[in-house]
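**Student:** Predicted model, plus sequence, below.
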Amino acid sequence: MTESRPIDPQWAWAEYQPSDERPWNRRLAAHLFRRAGFGASWEMLAEAVARGPAEVVTDLLEPVDAQQAAQDAFAEAILAGGDPRQLAAWWVYVMLQTPTPLLENMTLFWHGHFATSAEKVTDARAMYAQNALLREHALGSFRLLVHGISRDPAMLIYLDSATNRKAHPNENFARELMELFCLGEGNYSERDVKELARCFTGWELRRDRFRFNRYQHDNGDKTVLGKTGPFPESDVIDHVLAQPAAPEFIARKLIRFLVADEPVPPDELVAPIAGQLRASNWDVGQAIGTILRSNLFFSPYAIARKVRSPVDVTVGLLRSLEATTDAARLASELGDLGQGLFYPPNVKGWDGGRTWINSSTLLGRANAVGRLIRDPKTRFRGGDLATYFTEHLGAETGEQVVDVLTQLTLAVPVSEPLRDQLIEVAERPGPRNERLAAVVHALGTLPEFQIG
Amino acid sequence: MLVARIVATVGPLLVVISSCSLHAAEPRSAADLLPPTVVAFAEMAEPAKFVDLVLNHPVRQQLDALEGIQQAYDSPQFLQLKAIVSVIEAQLGKPWPALIKSAAAGGVAVAVDAPSQGAVVVITAEDHETPADMLESLTNLLRADAAANGKPEPIETRDYRGLTVYRVGEARVAVLGHSLIATNKAELGQRIVDMHLDASGETLSQSDLYRRARRQAAEPASVWGYVDTEALRQAGVAKELFAGRAENPVLEVLVGGILTTLAKTPLVTISVTLTEAELKVDLGAPHDPAWVGEERAYYYGPDGQGSAPPLLHVKDELLAVSSYRNLSEMWLRAGDLFDEATNDQLAQAESNLATLFSGKDFGEEVLGAIGPELQFVVARQSFDDGPRPAIQLPSFALAVRLIDAETIRPEFRRTFQSLIGFLNVVGAMNGQPQLDLDMEKSADRQLITATYVAEEGANMDRLPINFNFSPSIGFAGDRLIVSSTKELAKELVDLVAIEGQEVPPRSNTWIQADLASLRQILDDNRGQLVAQNMLSEGHTKEEAEQEIGTLLDILRAGRDASVRLTPGDDVLHLTFELNFSRPENPKTR
């Protein structure tokens, strides 16, 4: 996606077909799992290589219904305490254990898109209800998701829209609906904001539940984005989504999330995905499927072209090593690293990309990796690191350990001198568990580890 | 590697012994060997008997039967420990219980000496050969380990007055008669040896403080000991503990009187007694009622004669507390008890409370209306027949005697109603459920209750935490009950008329906990505990369920526990008791 080498959109979105020149292998499978859902274990990668990319992507897009009931029951137990920080720990736990990592990853994506912070909302149950809404539509209809979010109590509290009277229309939600949720900057006017705000008058919360107060709704004609009418119910949301800028805005954001942080995808590359969104009546799952199966996704334009978020770094590492840990502590650490779940920094969510990295967070990320890997509560497939490497990865020598680890966790191969250094760390005298932890910790400090 | 681990495990006891030519004919007690400058001393007179009791204890058999404990026995850590013990047993030719029986037949004592600031361990064997044999084996083990790991000779030896003293790290060890002496300070070791060889100077056993402590400590005890608190105060150790002030109202109410004693008492003894039926820990401190200044009269009562009322026992009781505390007097004496900052906070609180109590002086008129005999209960709630909160908390209540019941009763009633009205206004502003006031009257009993009203359509099995509470007050004669729930208030209003239950002799405070109820309350919240365990330990649901299940099963081992503060004529006793369940008759509900 560099300016010097324009990408042919037709080639880009055509399905990737493994060939001798571009073979489907463990490295590409690891890339797919890193982007789609926080990484995969050695065993999962082997299985994926055997099955082929198309089948693996189809599986990733499939929800597992049975899992949802158990997940909800678990969340209910946590919600009894009423603490949103516990909810963050719950989500970390779910991310670590879920059999549907793409669904969780896209729920996280929408959480950043429709950013709502428990710092202001404070009601854990409302935050959970929003999270469930995001998960319900994460791979489904964006249209239904926007309709749901417009009546979501947590969102309305966050945007100070708990009351919206016709005498004083609240512009917050109207502005964010166009600027941040559907169209992007430059695709609406201040007048559109004012008129759109009139459409949402009478939408309010009573005892933390959405209520339409017909007496406070402005029934007069409004002119929004060039169309005039009374816009009853939520018709105006469909009108906003019908704008040409809407599918382009969402398609561009999906491409940046799944393919590469930089540069901004050009219009011609965005157009086919935007067209697919429009044609499918906003089926996000279809668009994601196209992206994940594409030539572009499995090309150097995508591999190692994203800065990994704190969730990618920590949850990704643990999932790759089939590890479980103290989810409450990890959730708290994610906050320290700038990605507190349920606590996005502002209504724009996380900027992502290069903003994940600065001198402080870089050190924090490395420390988090070192801490996680040495935490006595971190267990690798139920056991210690040494047993896991020996029995489940078949890695005994320093060389084997480093080769497995780099393939599991890095998007780019390390240089020979660096590989030798890592092997030296793995073969130092001392208890094997500590040596292995030292290698993983050392990996966590590498620039290569920060990109995925 | 294994030997290295052994060294690490027994590191603190890196003890090697000489075979000394000076063998005493009869073993001497640890107190006969130690100097009188010891400031802390503890002794287990019969370790073999204690170990035998622990190994064959009914509780151990109960615990061993648990699946979670069996898994712990199979854990790599435990197996490693077992391997280390096996090596030691093989070296010394005896199983470890037998080793303890012979090597520590005369007891084990630990002591801290003031002038040298050293610690010493004295292990007295049944004869003088046993320590030498045991230490020779350990010496071999240490040396073999060092050789295997290419380390230098780990043991340094030197002669002191005909005794071989072995030094490993900071530890210095020698054998005196039947006893093995290990200390971290050469000066202390030399003094002990000099006293023994010269047969001169006063020993610890001859000191007045030791004898007084020995007399005061409960007999028979598995372990007994004492601390020379006068020496600690002079040395400036734990200044806050001996300062006599709590600087915190809650702490003051709980332990203010004990702090008075600690500031003056010359010593504190401890006796630990383990039997098949119970574990008892008794702390004793010489106490003179004259030490209690006017400011702490609220704690012990006039002339130190204040006594706790009987414990109130209710259905599904978790905790029963009775205590003597004149709260009004404490509140009015706050200026003598607390620092400026605390007094400022109390003044602020008094101002707010005066508003709540219609302008009445909180210390003088509100607390002053309550007698000093306090009874407090905590009980499991049963939600079998009604709405059920997601987290089920126990209910609790305070029962007091009103000094002028006829006059003050209407005041408390009005204040309670105002408080409920205030809570409803605040609750409405925050979208919280509302409280519905009600009143029941019969004969001389009156109950004013406030019950949360569930919203229409609410999940009656997963209500918010508020639904654990139905704040109530009750009146019966001159008694006032303030309760977190209507049901407990009702039960207590009927109960308080009954007097004369379980009055301990002159107890100042008596706390009794029912562990079966505790287990039941935890079991009521098993879902929450499992979920928390999953989050904090990273366990799967099955693993978390097993861990919580094991925890609840372990609680079955205990029947009840109590704490009692008893000011005797010249000794203040604080006694903890844990009564075990009998395996064949576990107390369950």
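**Tutor:** Thanks, I have the structure now.

**Student:** Leaving out chain neighbours, which residue sits closest to residue 172?
**Tutor:** Unless you meant another one, I'm taking chain A. A:Leu159 (4.1 Å; Cβ to Cβ, 6 or more residues apart in numbering or on different chains). To be clear about C-beta, it is placed using only N, CA and C from the backbone, and glycine gets the same treatment.

**Student:** not quite, I wanted chain B
**Tutor:** B:Gly189 (4.9 Å).

**Student:** wait, isn't that neighbour in contact with B:Val175?
**Tutor:** No: in terms of Cβ atoms under 8 Å, B:Gly189 does not count as a neighbour of B:Val175; the distance is 11.8 Å.

**Student:** Between those two, which contacts overlap?
**Tutor:** B:Ile181 (Cβ atoms under 8 Å, 6 or more residues apart in numbering or on different chains).

**Student:** A:Ala12 and A:Ile250, how far apart?
**Tutor:** Distance of A:Ala12 to A:Ile250, given as Cβ to Cβ, to the nearest Å: 18 Å.

**Student:** cool, and A:Ala287?
**Tutor:** 8 Å.

**Student:** Can you tell me which residues in the stretch 101-250 of chain A are near chain B?
**Tutor:** Along the stretch 101-250 of chain A, the residues adjacent to chain B under the rule Cβ under 8 Å from any Cβ of the partner chain are A:Arg207, A:Asp208.

**Student:** the strands in the stretch 101-250 of chain A, which residues?
**Tutor:** A:203-206, A:209-212, A:222-224, A:227-229 (DSSP state E, counting those that start in this stretch).

**Student:** list residues touching both of A:Ala287 and A:Ile250?
**Tutor:** A:Leu277.

**Student:** What pLDDT is listed against residue 405?
**Tutor:** As the question left the chain open, I've gone with chain A. On the pLDDT scale, A:Leu405 is placed at 95.

**Student:** wrong chain, I was asking about chain B
**Tutor:** 90.

**Student:** could you measure the spatially closest residue to it that is not a sequence neighbour against B:Thr449, distance?
**Tutor:** Closest residue to B:Ala405 apart from its sequence neighbours, by Cβ to Cβ, 6+ apart: B:Asp478 at 4.0 Å. With the distance defined as Cβ to Cβ, B:Asp478 ends up 21 Å from B:Thr449.

**Student:** between those two, which one's more packed in?
**Tutor:** Set B:Asp478 next to B:Thr449 and count neighbours by other Cβ atoms under 10 Å in any protein chain shown: B:Thr449 wins out with 23 against 17.

**Student:** could you point out which element follows the helix or strand that contains the more buried one?
**Tutor:** For B:Thr449, the host element (DSSP states H and E) is strand B:445-452. Using DSSP H and E, the next helix or strand after strand B:445-452 towards the C-terminus is strand B:472-476.

**Student:** List the pairing partners of that next one within its sheet, with orientation.
**Tutor:** strand B:445-452 (antiparallel), strand B:479-483 (antiparallel) (DSSP bridges).

**Student:** from those strands, which stretch is densest packed?
**Tutor:** Compared across the strands paired with strand B:472-476, strand B:479-483 shows the largest average neighbour count, a mean of 23 (mean count of other Cβ atoms under 10 Å in any protein chain shown).

**Student:** and it, how far from the chain's centre?
**Tutor:** 29 Å (Cα atoms, centre = their mean, to the nearest Å).

**Student:** do the same with stretch B:148-160
**Tutor:** So, by Cα atoms, centre = their mean, the centroid of stretch B:148-160 is 42 Å from its chain's centroid.

**Student:** in it, what counts as buried?
**Tutor:** For stretch B:148-160, a neighbour-count test (16 or more other Cβ atoms under 10 Å in any protein chain shown) marks B:Pro154, B:Ile155, B:Tyr160 as buried.

**Student:** now these as a markdown table including pLDDT?
**Tutor:** Output for the buried residues of stretch B:148-160, formatted as a markdown table (pLDDT from 0 to 100):
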| residue | pLDDT |
| --- | --- |
| B:Pro154 | 89 |
| B:Ile155 | 91 |
| B:Tyr160 | 91 |
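
**Student:** and the residue nearest to B:Arg172, backbone torsions?
**Tutor:** Note on B:Gly189: its backbone torsions stand at phi -60, psi -40 [degrees, to the nearest 10].

**Student:** List the residues that contact it.
**Tutor:** B:Gly189 touches B:Gly118, B:Val120, B:Val165, B:Arg172, B:Ala174, B:Ile181, B:Thr183, counting by Cβ under 8 Å, 6+ apart.

**Student:** A:Leu258 too?
**Tutor:** A:Arg35, A:Ala36, A:Ile288, A:Ile291, A:Leu292, A:Phe297.

**Student:** Within range of chain B, give me the residues from the stretch 351-452 of chain A.
**Tutor:** A:Lys377, A:Thr378, A:Arg379.

**Student:** was I right about B:Glu46 contacting B:Gly107?
**Tutor:** Yes: the pair B:Glu46 / B:Gly107 is scored as a contact, 6.8 Å apart, by Cβ under 8 Å.

**Student:** In the helix-or-strand element of chain A with minimal mean pLDDT, which residues are buried?
**Tutor:** Every helix and strand of chain A was ranked by mean pLDDT, DSSP states H and E. The lowest is helix A:65-79, at a mean of 82. By neighbour count with 16+ other Cβ under 10 Å, helix A:65-79 contains the buried residues A:Gln71, A:Phe74, A:Ala75, A:Glu76, A:Ala77, A:Ile78, A:Leu79.

**Student:** For it, which outside residues touch it?
**Tutor:** A:86-87, A:89-90, A:93-94, A:98-100, A:124-125, A:128, A:132, B:390, B:462, B:527-528, B:530-531, B:534-535, B:541.

**Student:** C-terminal to that helix, what's the next element?
**Tutor:** Counting by DSSP H and E, what follows helix A:65-79 is helix A:84-97.

**Student:** Counting neighbours, what do you get for the nearest residue to B:Arg380 once chain neighbours are set aside?
**Tutor:** The spatial neighbour of B:Arg380 that comes closest, neighbours along the chain excluded (Cβ to Cβ, 6+ apart), is B:Asp316 at 4.0 Å. The local packing of B:Asp316 (other Cβ under 10 Å) involves 18 other residues.

**Student:** Tell me which residues touch B:Ala221, please.
**Tutor:** With Cβ under 8 Å, 6+ apart, B:Ala221 has these contacts: B:Ser271, B:Val272, B:Thr273, B:Asp282.

**Student:** Quick check on those: which are buried?
**Tutor:** B:Ser271, B:Val272, B:Thr273, B:Asp282.

**Student:** so which of those comes closest to chain A?
**Tutor:** Set against chain A, the nearest of the buried ones among the contacts of B:Ala221 by Cβ to the nearest Cβ is B:Val272 (31.1 Å).

**Student:** Make sure I have this right: that closest one is in a helix.
**Tutor:** No: judged by DSSP: H, G, I helix; E, B strand; the rest coil, B:Val272 forms no part of a helix; its state is strand.

**Student:** Measure how buried the closest residue in space to it that isn't next to it in sequence is and give me the count.
**Tutor:** Nearest residue to B:Val272, sequence neighbours excluded (Cβ to Cβ, 6+ apart): B:Val223, at 4.2 Å. B:Val223 is flanked by 20 other residues according to other Cβ under 10 Å.

**Student:** I figured B:Val223 hits B:Glu46, correct?
**Tutor:** No: the pair B:Val223 / B:Glu46 is not scored as a contact, 10.0 Å apart, by Cβ under 8 Å.

**Student:** Which residues are in contact with B:Glu577?
**Tutor:** By Cβ under 8 Å, 6+ apart, the residues touching B:Glu577 are B:Glu278, B:Leu279, B:Lys280, B:Val281, B:Ala561, B:Ser562, B:Val563, B:Arg564.

**Student:** make that A:Val56, sorry
**Tutor:** A:Ala29, A:Leu32, A:Ala48.

**Student:** contact partners of stretch B:543-563?
**Tutor:** With Cβ under 8 Å, 6+ apart as the test, stretch B:543-563 has contacts from B:59, B:62-63, B:66-69, B:509-516, B:518-519, B:522-523, B:526, B:529-531, B:533-534, B:537, B:539, B:574-581, B:586-588.
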